[in-house]
Structures are given as structure tokens and as C-alpha cells.
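S.K.: With the sequence up front, the predicted model follows.
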Amino acid sequence: MFEYSAPLDLLTDRTILITGASDGIGKVCAKIFADHGASVILLGRTQSKLEQVYDEIEAQHPGRVIIHPLDFSVATMEDYQVLASSLDEQFDCLDGLLHNAALLGIRSPIEFYPDQQWRELMQVNVNAAFYLTKALLPALSRSTDARLIFTSSSVGRVSRAYWGAYAVSKFAIEGLMQTLADELRNTTSIRVNSLNPGGTRTNMRRDAYPAEDPATQPTAASLMPVYLYLMSPDARSLHGQAINVRDFNPGK
Ligand code: NDP
């Protein structure tokens, strides 16, 4: 696993938005980014869970966390624009956007995949990432060194039977990442990459593999050197890459 000695001021003066910050990997990212000096904006579906994360961060780093509950399955472009306007009033720019929220959905052959679930999953995993990116690109463009990270999966790079909408949504995320990376390469300082965390001990992993002993999977905390590095000034030269946490080695 990648080792990174991140100084505690690594992300000082950076403002970073994390989706799915109420649980799992996103929650741990929100806390670690704040621990390293960032102001963090937490997006998630369940207000009570977001408030718990807010309380934990606010107790350690007063005035550096805000929450914005938003259910991606029903949010419209207008909701994302309201969010962008509200952030514009509070911050000069946005230095990082971590697209992390996702639904797993059911495991089913494509032939029997329920179309309503397919649509909901695409709305949350793909369309929300498009809407949010579109609404926040002006704020990201005002940063002198912004990071845009999409969260992928092993089945978003090589698919497997029965992973249905989830696998297809992650392929779409890779396409969105590549398209944006090419568009933004020479016109902004925004660096765009996708990251596959690999199997991680969260509720999603438990739902995907109910018979597995969770202790066999790495914790979200153990992935944080890679997430911190990718959000940091050190990752300035990484762009348009499909990265795996497990074999990440920027020196290669
Ligand atoms: P969790 O299920 O633990 O957390 C998912 C987060 O997404 C929660 O904060 C959840 O909010 C939020 N979310 C779900 N639906 C919506 C919605 N409709 N609107 C807004 N927010 C929503 O997942 P992980 O932490 O395990 O996964 C994080 C990312 O990593 C995902 O993109 C996943 O695909 C990817 N990944 C995970 C792997 C793993 O083994 N864990 C492996 C490979 C990829 P709420 O708390 O309200 O439910």
C-alpha cells in the first residue's frame, strides 16, 4: 500500500466538497481532509447522518465544515445550481470535488434487471455526477490548483456477470472522467482522475458480499494516504488517469 507522510497543513486554505460524506469512505475522507487543514462541504442523502459527521468535524475544527443534504435520486439541475450559488456566497472558489456517493443496486442478469432500479441507479451514480460537475466547474475553475476525483470500481474497468447497472454506471463515470480530462487539460488547472478504492470494509461491501468476513477487507482509513495525495498539491501532474488505490505508485 502507498505510503505518504502528509503534513497536517497539506490542505490548508483548500475548500473540498465530498459527496456521500455521511458514511463509508466519504465520511473518512471528510474527516481526514479537515484534519489536514481543508474546509469541507459534506453532501449526502440522510440529514441525521450528515449532522453526526458535522458535529465530529466541528468539534475538532470549528468553522471549517458545512453540510448540504441532497438526495441525488430526486435532485434536479436547479438544486445543483442552488448549491453552487450558496457556495459562491461562502467561498472564493472550490479546490476539490470528490464524487464518492453511489448506489450498489441489485445483482441481476441484464435480462431481468428492473428498469425502475436501473434508472434510479443511473440517476445517482452518473447523472448526479454530471449535474454536480457542471454546476461546480465555474467554482473549480477559479481555483489555481483544483482536483476533480471520480470514484470508480473494478467492475467499471472490466465488468462481470450480474453487476448490472452498477458496473455500467462506473464505466460511464470513467467516460465522464476521460472526456473532462481531455477538455480541461490545457484550459484550466483542474486535474481530473478516477479512483478505484478496491474492496473496502463499508456497508456497500457488506451488501455486495454478505457472506464475507468484513475483517478480511481493508478499512476506509487505510486508503487515506492515496486520497490525501490525490487532493494535494503533490498530485499536480496526475491527469486523466484511472487509478487503483491498491497499486498506486505515482513515482512509477
Ligand atoms: P457506502 O454505501 O458506505 O456509502 C455511500 C454514500 O453514498 C453514503 O454517504 C450514502 O448516503 C451516499 N448516497 C447513496 N445514495 C445517495 C443518494 N441518492 N443521494 C445522495 N447520497 C447518496 O459506500 P462506500 O463508502 O463503500 O463507497 C464509496 C464509493 O466507493 C462508491 O462510489 C462505491 O461505488 C465505491 N467503491 C466501494 C467499494 C467498497 O468495497 N466499499 C469498492 C469499489 C468502489 P446515506 O448515508 O444517506 O446512505
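M.R.: Received it, and whenever you're ready, just let me know what you need. Numbering: from 1, shown residues only.
S.K.: Can you name the residue of the chain that approaches the ligand most closely?
M.R.: G24 (2.2 Å; CB to the nearest ligand atom). Quick note: C-beta positions are derived from backbone N, CA and C, even for glycine.
S.K.: how about the residues of this protein near the ligand?
M.R.: The chain has residues 20, 22-26, 44-46, 49, 71-73, 100-103, 124, 151, 153, 196-200, 202-205 near the ligand, with proximity defined as CB under 6 Å from any ligand atom.
S.K.: Among those, which are located in strands?
M.R.: 44, 151, 196 (DSSP state E).
S.K.: quick one: the strands in the stretch 51-200 of the chain?
M.R.: Along the stretch 51-200 of the chain, counting by DSSP state E, counting those that start in this stretch, strands occupy 65-69, 96-99, 147-151, 191-196.
S.K.: any low-confidence regions in the stretch 51-200 of the chain?
M.R.: Within the stretch 51-200 of the chain, not a single segment meets pLDDT under 70.
S.K.: Okay, helices next: where are they in it?
M.R.: Counting by DSSP state H, counting those that start in this stretch, one finds helices in the stretch 51-200 of the chain at the ranges 77-90, 115-122, 128-141, 164-184.
S.K.: so how far is P225 from S5?
M.R.: 9 Å (CB to CB, to the nearest Å).
S.K.: more neighbours, these two?
M.R.: P225 (18 against 6; other CB atoms under 10 Å).
S.K.: Report pLDDT for the closest residue in space to the more buried one that isn't next to it in sequence.
M.R.: Once flanking residues are discounted, P225 sits nearest to Y4: 3.9 Å by CB to CB, 6 or more residues apart in numbering. Here, the pLDDT recorded for Y4 equals 94.
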